[in-house]
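A.B. asks: output the structure for:
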Amino acid sequence: MAPHTAPHTRHAIRRRTLLLGTAGALGAAGAAGCSRVPSGDPLARLRSQGTVRLGIAGEVPYGYVDDEGEFTGEAPELAKAVFNRLGVAQVQPVATDFASLIPGLNSQQFDVVSAGMYINKERCAQVIFSDPEYQMLDAFIVRKGNPKNLRNYEDVVRTEAKFATGTGYAEIEYAVAAGYPEKDIVILQDQVAGLNAVESGRVDVFAGTALTAREVVRKSRKAEATEPFAAVVDGKRKIDGGGFAFRPTDTTLRDAFNTEIHKMKKSGELFRIMRRFGFTESEMTKLTAKELCR
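C.D. replies: Numbers count the residues shown, from 1 in each chain. You can find the predicted model right below:
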């Protein structure tokens with residue numbers, strides 16, 4: 001893995017609480033102004049505005065505020081690179097709760113969303129996605145030494161471990177598919193809350209993406225991340241991909257974004273941006289949104 005530049009992961013994620021207070025005001029302002037937004041070509045509108053509003057969820061390494069109070073992460077940095085190529089000078093990240101991202105996009109609080117959001121059939125019924133910039137397996141946050149030997153969702157069910165994951169996470173579906181009762185799943189705000197719950201013994205395991213799990217335990221003395229694995233749903237291994245989400249009416253904007261993403265994949269620029277935030281070459285992908293939406 002390339003040198004890691006995301007600073008002080010746990011502290012940075014906790015800054016999310018500061019962002020959530022401003023997200024509503026920013027979102028309201030965006031919604032209030034939507035009636036004045038000219039219709040027509042969405043990319044032309046953004047070029048005219050000179051700014052694109054990017055919905056993020058305050059999660060390391062996807063999009064967060066660093067120790068200097070600046071927005072960073074793979075989503076804001078990638079958005080800056082792509083929209084600069086498209087002639088939009090500024091990216092304005094707007095933080096909100098993960099579960100509010102798609103509703104906020106469709107109510108015009110944001111122009112585009114990127115928050116480590118997996119592309120799946122349910123979400124594809126609500127928004128349209130760019131082709132993914134990465135693919136990802138899952139991993140668990142567990143106590144040091146992994147005392148219950150939890151390597152996959154089937155292990156969680158077999159051992160009756162106390163299981164937690166995040167609000168709106170795809171891992172809820174994966175645990176239920178393995179036979180874990182949905183009513184027994186502990187839902188926490190994010191992976192920092194998950195780490196704290198594991199360290200304190202309130203839960204046995206917290207499920208998230210392999211990248212977020214390995215990043216959040218980096219400085220923990222009480223917890224570790226398991227090896228990445230693919231969830232199994234309906235007998236099929238799940239390899240997820242994350243991409244940028246757009247309103248269903250903004251197909252031309254999505255298509256223009258896709259064109260630049262593919263150029264950056266081919267040139268290697270995409271990986272040069274992503275590896276700064278802990279992504280590895282194995283997490284680069286040739287998957288398409290069409291494949292993941294099925």
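
A.B. asks: what about the helices in the protein?
C.D. replies: 9-14, 16-32, 42-49, 74-85, 101-106, 121-124, 153-159, 171-177, 191-200, 210-216, 251-267, 269-274, 289-292 (DSSP state H).

A.B. asks: pick the most deeply packed of the ones you listed.
C.D. replies: helix 210-216 (a mean of 24; mean count of other C-beta atoms under 10 Å). To be clear about C-beta, it is placed using only N, CA and C from the backbone, and glycine gets the same treatment.

A.B. asks: residue 46: what's it in contact with?
C.D. replies: Neighbouring residues of residue 46 by C-beta atoms under 8 Å, 6 or more residues apart in numbering: 52, 83, 86, 88, 111, 253.

A.B. asks: read off the pLDDT value for the last one.
C.D. replies: We note a pLDDT of 98 for residue 253 in this prediction.

A.B. asks: ok, it touching residue 40?
C.D. replies: No: contact criterion C-beta atoms under 8 Å: residue 253 and residue 40 do not qualify, at 11.4 Å.

A.B. asks: who's in contact with the closest residue to residue 285 other than its chain neighbours?
C.D. replies: Closest residue in space to residue 285, ignoring its immediate chain neighbours: residue 135 at 3.7 Å, by C-beta to C-beta, 6 or more residues apart in numbering. Neighbour list for residue 135: 239-241, 283-285, 287 [criterion: C-beta under 8 Å, 6+ apart].

A.B. asks: now, which of the residues you listed lie within strands?
C.D. replies: Within those, residues falling in strands by DSSP state E are 240-241.

A.B. asks: output the contacts of residue 135 in JSON lines; the columns should cover pLDDT, neighbour count and distance to residue 180.
C.D. replies: Output for these, formatted as JSON lines (pLDDT from 0 to 100; neighbours: other C-beta atoms under 10 Å; distance: C-beta to C-beta, whole Å):
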{"residue": "239", "pLDDT": "91", "neighbour count": "14", "distance to residue 180": "21"}
{"residue": "240", "pLDDT": "94", "neighbour count": "24", "distance to residue 180": "18"}
{"residue": "241", "pLDDT": "96", "neighbour count": "23", "distance to residue 180": "24"}
{"residue": "283", "pLDDT": "95", "neighbour count": "21", "distance to residue 180": "26"}
{"residue": "284", "pLDDT": "97", "neighbour count": "17", "distance to residue 180": "31"}
{"residue": "285", "pLDDT": "97", "neighbour count": "19", "distance to residue 180": "28"}
{"residue": "287", "pLDDT": "96", "neighbour count": "16", "distance to residue 180": "27"}
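
A.B. asks: cool, thanks, talk later.
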